[in-house]
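Undergrad: heads up, no residue letters with this:
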């Protein structure tokens, strides 16, 4: 189709958290600030999604709805079969308003207060908060930074998996924020350690479609077909198709007893049984007709990543960007510039007026790092990087 991804869509009046409500999260952000923080894209939605939504709106009714139709299941399951050669049985799909709520629900129904839950910091901040808010014990198996490339510490993971109170692991795959797309042998080793120690695994694969050219994402459960009941996969169209505001996630639970616990708690006690009618239509259209749009976006992101790397090399030469294999979130190491975390925050937000995610929200392992959302028109990325370089390396070369 040829989407115009260079043009900026004015978000005024759209209730955009990213653009219109920055001050709620960063009180010192002015109207001139550039938001490169929250993980949604600044690209237009795919035309087939918009067309499907228009048709649905024209029907004029928006009562209670359900996603449990053959059309919906064909769309979702067909996507995973097509993209990953992964067969998903429709009976294994349950609805959640988001992946983070799903993590909370699953921790609640699968563990007891005090039980240990393993995560791998630096990692998406809600991994930590959902564990702590449920009264469980956070067990950190930190990733190892080898010259800017992150790997898993399997010896440490095995020690912690063997601890009697450890019951569950939360895997981030692809990993947010370090951008790793885990290789098959890495996933096999992790899965073997967890399964040998009778740990359940929840694999957050929300960024599975957002990988670089030549990189392959492997759904964890496809490596362990005989043990699929021990693995729960969290997916959603939200990141892939930029429809996060629709609040629809598909959680894949193979074990019947766990699904029954889910339905009793989530659908029964919490009364969260189905998404809203527009979310259903958007998801169906995305998975059936959105691939062309996605491929254009992926190519654009590849170009943005190349620009980011070359810009940093020229204007912030001491910065190190972790190889971005997946997601559209760049993990940048600024420790060489010698600023404290508070100084980084002050300079980038207050002086440069660029809103990014501070590294420490992902754990202490992120000290001296920032996360930058690059899913935006190239001119916005250029301006944001120019501002950051201007305050961190003021004597550096101008763009």
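TA: On my side now, so go ahead. On a predicted model such as this, the values are computed, not experimentally measured, just so you know.
Undergrad: rest of the way, CA atoms for contacts and neighbours
TA: Will do.
Undergrad: where along the stretch 101-250 of the chain do the helices fall?
TA: Taking DSSP state H, counting those that start in this stretch as the criterion, the stretch 101-250 of the chain carries its helices at 126-133, 154-161, 184-196, 238-241.
Undergrad: deepest of those helices, which one?
TA: Highest mean neighbour count of those: helix 238-241, a mean of 23 (counted as mean count of other C-alpha atoms under 10 Å).
Undergrad: what sits up against that helix?
TA: Counting contacts by C-alpha atoms under 8 Å, 6 or more residues apart in numbering, the residues outside helix 238-241 that touch it are 39-40, 45-46, 206-207, 209-210, 244-249, 286, 290, 294.
Undergrad: just to revisit the earlier point, dump the helices of the stretch 101-250 of the chain to TSV, plus distance to residue 271 and mean pLDDT.
TA: Rendered in TSV, the data for the helices of the stretch 101-250 of the chain read as follows (distance: least, C-alpha to C-alpha, whole Å; pLDDT from 0 to 100):
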stretch	distance to residue 271	mean pLDDT
helix 126-133	20	97
helix 154-161	34	98
helix 184-196	32	98
helix 238-241	22	98
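Undergrad: so residue 391: helix, strand or coil?
TA: Per DSSP: H, G, I helix; E, B strand; the rest coil, the local secondary structure of residue 391 is helix.
Undergrad: could you check how many residues crowd around it?
TA: Other residues within reach of residue 391, judged by other C-alpha atoms under 10 Å, total 15.
Undergrad: of all the helices of the stretch 101-250 of the chain, which one is nearest residue 62?
TA: Nearest to residue 62 among those is helix 238-241 (21.0 Å), distances taken as C-alpha to C-alpha.
Undergrad: circling back: for the helices of the stretch 101-250 of the chain, give me CSV that also has distance to residue 80.
TA: Listed next are those as CSV, based on distance: least, C-alpha to C-alpha, whole Å:
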stretch, distance to residue 80
helix 126-133, 25
helix 154-161, 29
helix 184-196, 17
helix 238-241, 13
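Undergrad: of all the ones you listed, which one is nearest residue 59?
TA: Counting by C-alpha to C-alpha, and looking across all of the helices of the stretch 101-250 of the chain, nearest comes helix 238-241 at 23.6 Å.
Undergrad: and the strands in the stretch 101-250 of the chain?
TA: Using DSSP state E, counting those that start in this stretch, the strands of the stretch 101-250 of the chain run over residues 116-119, 137-140, 144-146, 149-151, 166-172, 200-204, 231-235, 249-253.
Undergrad: which strands or helices does the third one pack on?
TA: Using 3 or more C-alpha pairs under 8 Å, 6 or more residues apart in numbering; DSSP states H and E as the contact definition, the elements that strand 144-146 packs against are strand 149-151.
Undergrad: in the strand it packs on, which residues are buried?
TA: Counting neighbours by 16 or more other C-alpha atoms under 10 Å, one finds that the buried residues in strand 149-151 are residue 150.
Undergrad: distance between that strand and the chain's centre?
TA: Offset of strand 149-151 from its chain centre (C-alpha atoms, centre = their mean, to the nearest Å): 18 Å.
Undergrad: quick check: mean pLDDT across it?
TA: Averaging pLDDT along strand 149-151 yields 97.
Undergrad: what residues does it touch?
TA: When contacts are defined by C-alpha under 8 Å, 6+ apart, strand 149-151 is touched by residues 143, 144, 145, 178, 180, 322, 323.
Undergrad: can you tell me which of the residues you listed are buried?
TA: Using 16+ other C-alpha under 10 Å, the buried ones in the contacts of strand 149-151 are 143, 144, 178, 180, 322, 323.
Undergrad: can you pull the contacts of the fourth one?
TA: Neighbouring residues of residue 180 by C-alpha under 8 Å, 6+ apart: 150, 173, 174, 323, 324, 325, 326.
Undergrad: can you list the buried residues in the helix ranked longest in the chain?
TA: Scanning the chain for the helix with the most residues, using DSSP state H, yields helix 291-315. Of the residues in helix 291-315, those with enough neighbours to count as buried (16+ other C-alpha under 10 Å) are 291, 293-294, 297-298, 300-302, 304-305, 308-309, 311-312, 315.
Undergrad: from the chain's centre, how far out does that helix sit?
TA: Helix 291-315 has its average C-alpha position 18 Å from the chain's average C-alpha position, going by C-alpha atoms, centre = their mean.
Undergrad: what mean pLDDT does it get?
TA: The average of the pLDDT scores along helix 291-315 is 98.
Undergrad: kindly report the same for stretch 207-221.
TA: Average pLDDT, stretch 207-221: 97.
Undergrad: now the end-to-end length of it.
TA: Distance between the two ends of stretch 207-221: 16 Å, counting by C-alpha to C-alpha, to the nearest Å.
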